[in-house]
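# This is a predicted model, with the sequence first.
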Amino acid sequence: MPQEGSGLASDLSIEVDERYDHERHGHVEATGIWQGVTSVDRVHNTGEEQTIVIRYSLLTTDDRRGPPNLVDTIDGFLDAIEASD
């Protein structure tokens, strides 16, 4: 997982096409990052213009990207990958 500095969530760098260990979903791959989203299914607090949303896919046992695409706020995603360490 890309990481800088002290390893705190605020220090993590999330990049599209990078793979991460997610607390609930296991191995995932970031597939998109958006800011200023007003509505997305299954994401909390998306009404704020500054909200950053991460789309990611589960990785199969043979390390290929599989469905479905999942979404979360940057804070939720960072918390989930930080908790899996």
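Received the coordinates, thanks. Numbering: from 1, shown residues only.

# what about the strands in the protein?
Ranges of strands within the chain are 19-22, 26-35, 52-59, 65-73, based on DSSP state E.

# what's the closest of the ones you listed to Ala83?
The minimum distance between Ala83 and those falls on strand 19-22, with 8.9 Å, by Cβ to Cβ. To be clear about C-beta, it is placed using only N, CA and C from the backbone, and glycine gets the same treatment.

# For that closest one, which strands pair with it and how are they oriented?
The sheet places strand 19-22 alongside strand 26-35 (antiparallel), with pairing taken from DSSP bridges.

# Sort out which residues of the strand it pairs with are buried, please.
Buried residues in strand 26-35, counted by 16 or more other Cβ atoms under 10 Å: 28-30.

# now those as TSV including distance to Gly76 and pLDDT?
Output for those, formatted as TSV (distance: Cβ to Cβ, whole Å; pLDDT from 0 to 100):
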residue	distance to Gly76	pLDDT
Val28	13	94
Glu29	17	93
Ala30	13	92
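
# So for the least confident helix or strand in the chain by mean pLDDT, what gets flagged as buried?
Averaged element by element with mean pLDDT, DSSP states H and E, the chain has its least confident helix or strand at strand 65-73 (a mean of 82). Residues of strand 65-73 classed as buried: 70-73 (neighbour count, 16+ other Cβ under 10 Å).

# check contacts around Gly30.
One correction, residue 30 is Ala, not Gly. 14-20, 54-56 (Cβ atoms under 8 Å, 6 or more residues apart in numbering).

# ok so, going back, and of the buried residues of strand 26-35, the nearest to Asp63?
For those, the nearest to Asp63 is Glu29 (9.3 Å; Cβ to Cβ).

# Look up which residues are beta-bridged to Gly26.
Counting by DSSP bridges, Gly26 forms beta bridges with His22.

# from memory it sits against Leu59, does it?
Yes - contact between Gly26 and Leu59 holds when scored by Cβ atoms under 8 Å: they sit 7.5 Å apart.
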